[in-house]
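# curious how this folds, go ahead:
(2 chains)
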Amino acid sequence: MSVLSALARLEAVDAGRARPLATVRHCHLADAPLLMVPLRLAGEAAAPLAVLLGTDRADPALLVVPQPRNRDLRFAFAAELAKVVLEHVEASRGAAEPLGPGRDGEERVRYTGAPQILVPNGGGAAFLRLLGRSTRFRRTEGPHAVEAAVPALGRWLTWFAERRDRPGSSLLLALTDALRLHWATGQSALEDANLAALLGWIDPPAGLDGPAAAARAEDPLRCPPAGPATDPTFDNEVLAPAIAAWDASGGDPRAEARLRAALESQLVPTWDAAWHAVDLLRALPPGASVADRWERDRDAFTLFHAGFAEGVPQARRDSAVAAARRLHRLERAQEEYDARRAFDDPLVMAEYRLTGQAFAGTVAESDPTRLDESGKRPKLRPRVRIATPDPVRLEPGATVCSADRPALKGRIVESGAGDVLVELTGGLGRKLVPEPGAVPAEGDRVCFTSVVPGSFGPARFPESADTPWTHGGPPAEYVPTDSDAAEEWS
Amino acid sequence: MTENTADTAPDLDRLRAGAPPRNHDARTIAALTANPGCARRGVLDAAGVDKDAVARHLGFGTPFGQSQFALARGNAFEAQVKADGCAELLTLLRDRLGLAVAEVFYDDLAVEDGESREARHARTRRLLARALDSAEGTLFDHPMLRLDIAGHPAYLEPDVIAFQLGGRFHVVEIKSFAVVDGQAEPEQVAAAARQAAVYVLALRRLVAELGHDPARVAHEIFLVCPEDFSNRPSATPVDVRPQLAVLERQLARLTRVRDILADLPPDLSFALDEGLGDAVRAVGARYAPECVSGCEMAYFCRDEARACGATGVLGRGVRDDLGGVDTVGAALALARGTAEPPAELAETAALLRTAARLRREALGGAA
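Predicted coordinates:
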């Protein structure tokens, strides 16, 4: 939360409609994402009840577990779900584009596409993670054997869930999160977790304003919850009798059809709402760095896909070195994401201007050919004085770069009320005279910021086999055990 | 009882308009600590008013129902852990936590036919007094505990086991949410810890009343949950000292209900009649979005807060960001420069005006 987004919320209350928090789209949307609306049986950690899924909004597939407490039915469901997810993975991958040899001389490739999964909310994403955890250790032979697709599904879902931890990744998107990144509503973050209410504020149906549409969305009878939790009243009055009837009938297809119809009635409104959210996001122009981030997603996908056949299920807990590496990667990604998003979008940059970490204004004086001759050799150090109304909080000496051209780097020389003197140090060319147009001229509008991507350098970690004793020593290698396969799933 | 009770009891009875007081349980007491600044909740809870009925009467009934699947799962797990004199629980405490539990005595203090809460509490007292003196007895299931809430004794619906080991009592709380790979949902663990803290506190008060050192009730509780995706129980020790500190502070503050009552109309009552809305509005609320998950009055208060344009409806974060500006209208007036800020809000106003300018610039004047 910041004063800027707080103000956007106030404006939304005033207008009775959501107000923009971004001028461009900051996440990638694939051409054919797989939308999944999962439901879980209440009271259970990860017992699936149903999922409505597909890449075609006109033709969703409904998978149901008629008796969620039956282990065999759950694994049959997991196998069906696996088929859809694995097909989506293969269908989305596209061609392998050559990247030329890497540092070790090996030819590298990157798939032109990557699979994207959309879920309605954060709860849906968390559910997929648990579903992945509960299926990836299953064995395909011996006691408690399951279909080969089941552990494969588990590993893929785990991979999607882990990528979601990475700031800026778009492989698994929760639509409420994606919408909240771009719009501020006149309600609280807690209420924004309801997809239908959030959509009500952003794009209310004809004749309603945001608050009225959101109020309608809070009525579980008109607007069933977007999952994975179901409406308790639905559970008690519809679902429980339907499951009991299916049990009593001994698996009669008519009883199953009634159960499916009941679950579908809960899922279809969310299905429609989710595609509505996709339409709203698609209507925004993509930010300049979105393609780059999607490329990183495609890199990760190519790597995981290539190693899948030989790989083992992801560990329950990271080993010491793996955990340190992961944390470091996430921190770098966060820093990169924050900075690039600000460069892409003046409304995000405004956050930094408000906190004084960035400022924008017009160039009042420019000395493009100034040389610093204090050293042995003269250096090109142009200076620009910028008039700005922003509350600058950058000390002399602070490193800054230009928001329009991040390669243009500089250092704050002095900063007083209403103007800032910047000495330019990089992005000017190699000669003692700057490249034409490199130094902003008098009257130009510029924006400088201390938020710089890539300031967070790579760190070196020991190999896993060299884990120091302080961190438990080298971790034991993973060996699948019978207890993994036998683990109950209730 | 203290003087306090004698003073406020008649007032509180009047507020309920003759209806019997609602029982507190650990959940409602723990919820008291969630929003201690709310006078409305403080008064309604201290008087034991049926908030659910009040909210329904006002047209803001909340769907606080629970799914029968969740109930069935919770009951089945608890029954399993407690079967055969808590056999599974003891195995857990012995094997997983390495506790040297020697001989086991299991006493169930559950309700006997026609027994009043007072009688049950007396039975719990007797049994625990003996256990404290002799350091005998191991597991005490369903103890009926009592805690003073705003000077009123509240009986705690028992849903817990007191476990004695080496002369110290531990609270054992059984919950049916899963612990997967050693991790559970933080909100659920936090809620369980808050509830357990209520039991620890009540047990400590009882131990003190019986003339023993309250520290004989440990601040470390055992949380028993299903492990991974199975029904196999796992036990995790949880230190509830932070929750205890918060609880004690809030309970001490609650006794100020008397001060709140002093400012209210002397004939105020929450009878379910046409005057109810005005009666409820007479006591100030402090609505925050989190109320929705813990208070039956939340939707009424939210409606009221929205109607008067309170910034609190947007969340505590927003309210804090706006540093002291309480209404949406006032904040927007400052942002747009249509109102002169008082001296103490000058800084907030300047920030808001800059924010408004920056948004306008970025959105091309559309804002």
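
# from memory B:Glu78 sits against B:Ser176, does it?
Yes. Because the distance of 7.3 Å satisfies C-beta atoms under 8 Å, B:Glu78 is recorded as touching B:Ser176. (C-beta placed from N, C-alpha, C; glycine too.)

# these two: who's more crowded?
Taking neighbours as other C-beta atoms under 10 Å in any protein chain shown, B:Glu78 and B:Ser176 compare with B:Ser176 leading, 24 against 16.

# mind checking which helix or strand that one is in?
Per DSSP states H and E: B:Ser176 is located in neither a helix nor a strand.

# residues contacting it?
Residues in contact with B:Ser176 (C-beta atoms under 8 Å, 6 or more residues apart in numbering or on different chains) are A:Gly43, B:Ala70, B:Arg73, B:Gly74, B:Phe77, B:Glu78, B:Cys225, B:Pro226.

# how many residues are close by A:Glu256?
16.

# okay, it and A:Pro241: tell me how far apart.
As judged by C-beta to C-beta, to the nearest Å, A:Glu256 and A:Pro241 stand 14 Å apart.

# A:Asp279 now?
Counting by C-beta to C-beta, the gap from A:Asp279 to A:Pro241 is 37 Å.

# same check, this time on A:Pro38
When A:Pro38 is compared with A:Pro241 (using C-beta to C-beta), they lie 22 Å apart.

# ok, now A:Val452?
As for A:Val452, its distance to A:Pro241 is 61 Å (criterion: C-beta to C-beta).

# any idea how far chain B is from A:Leu371?
To chain B, A:Leu371 is 35 Å away according to C-beta to the nearest C-beta, to the nearest Å.

# show me what that residue is bridged to.
Per DSSP bridges, the residues bridged to A:Leu371 are A:Leu380.

# tally of neighbours for it?
A:Leu371 has 14 nearby residues by other C-beta under 10 Å.

# repeat that for A:Gly132.
23.

# do A:Asp231 as well
20.

# quick one, what contacts it?
Counted by C-beta under 8 Å, 6+ apart, A:Asp231 has contacts A:Pro220, A:Pro224, A:Pro225, A:Gln266, B:Pro63.

# if you set the cut-off to 7 Å instead, what comes out?
A:Pro220, A:Pro224, A:Pro225 (C-beta atoms under 7 Å, 6 or more residues apart in numbering or on different chains).

# write out the residues of the stretch 301-450 of chain A neighbouring chain B.
A:Arg316, A:Arg317, A:Pro346, A:Leu347, A:Ala350, A:Arg353, A:Leu354, A:Pro391 (C-beta under 7 Å from any C-beta of the partner chain).

# residues near the first one, how many?
Residues near A:Arg316, counting by other C-beta under 10 Å, number 15.

# right, and it touches B:Asp181 too?
Yes. With contacts counted by C-beta atoms under 7 Å, A:Arg316 reaches B:Asp181, the gap being 4.4 Å.

# which SS state does A:Asp404 fall under?
Here A:Asp404 is coil, with the state taken from DSSP: H, G, I helix; E, B strand; the rest coil.

# find the nearest non-adjacent residue to A:Gly251, please.
Nearest non-adjacent residue to A:Gly251, counting by C-beta to C-beta, 6 or more residues apart in numbering or on different chains: A:Pro66, 7.2 Å away.

# where do the strands of chain B begin and end?
Ranges of strands in chain B, per DSSP state E, are B:106-108, B:139-141, B:145-149, B:152-156, B:161-165, B:168-174, B:220-226, B:233-239.

# what sits against residue 147?
Looking at chain A here, since you left the chain open. A:Ala79.

# my bad, the chain I had in mind was chain B
B:Ile29, B:Ala154, B:Leu156, B:Leu201, B:Ala202, B:Arg205.

# may I see those arranged in TSV, with pLDDT, neighbour count and distance to B:Leu363 as well?
TSV is the format used below for those (pLDDT from 0 to 100; neighbours: other C-beta atoms under 10 Å in any protein chain shown; distance: C-beta to C-beta, whole Å):
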residue	pLDDT	neighbour count	distance to B:Leu363
B:Ile29	79	25	48
B:Ala154	78	24	54
B:Leu156	80	26	55
B:Leu201	92	24	53
B:Ala202	90	24	56
B:Arg205	91	16	58
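
# can you tell me which of those residues is nearest A:Asp299?
B:Ile29 (52.6 Å; C-beta to C-beta).

# for A:Pro38 and A:Pro241, work out which one has more neighbours and name it.
Neighbour comparison, A:Pro38 and A:Pro241: the larger count goes to A:Pro38, with 24 against 13 (by other C-beta under 10 Å).

# closest one to A:Glu477 among the strands of chain B?
Nearest of the strands of chain B (C-beta to C-beta): strand B:233-239, 25.6 Å.

# who does that closest one pair up with?
Here, using DSSP bridges, strand B:233-239 pairs with strand B:220-226 (antiparallel).

# which of the residues in the strand it pairs with are buried?
B:Ile221, B:Phe222, B:Leu223, B:Val224, B:Cys225, B:Pro226 (16 or more other C-beta atoms under 10 Å in any protein chain shown).

# got phi/psi on B:Leu363?
Note on B:Leu363: its backbone torsions stand at phi -90, psi 10 [degrees, to the nearest 10].

# distance check, B:Glu88 against B:Leu358.
B:Glu88 is 61 Å from B:Leu358, where distance means C-beta to C-beta.

# ignore what I typed, I meant A:Thr176.
From A:Thr176 across to B:Leu358, the span is 26 Å (C-beta to C-beta).

# just for the stretch 151-300 of chain A, where's the confidence low?
Along the stretch 151-300 of chain A, the model assigns pLDDT under 70 to no residue.
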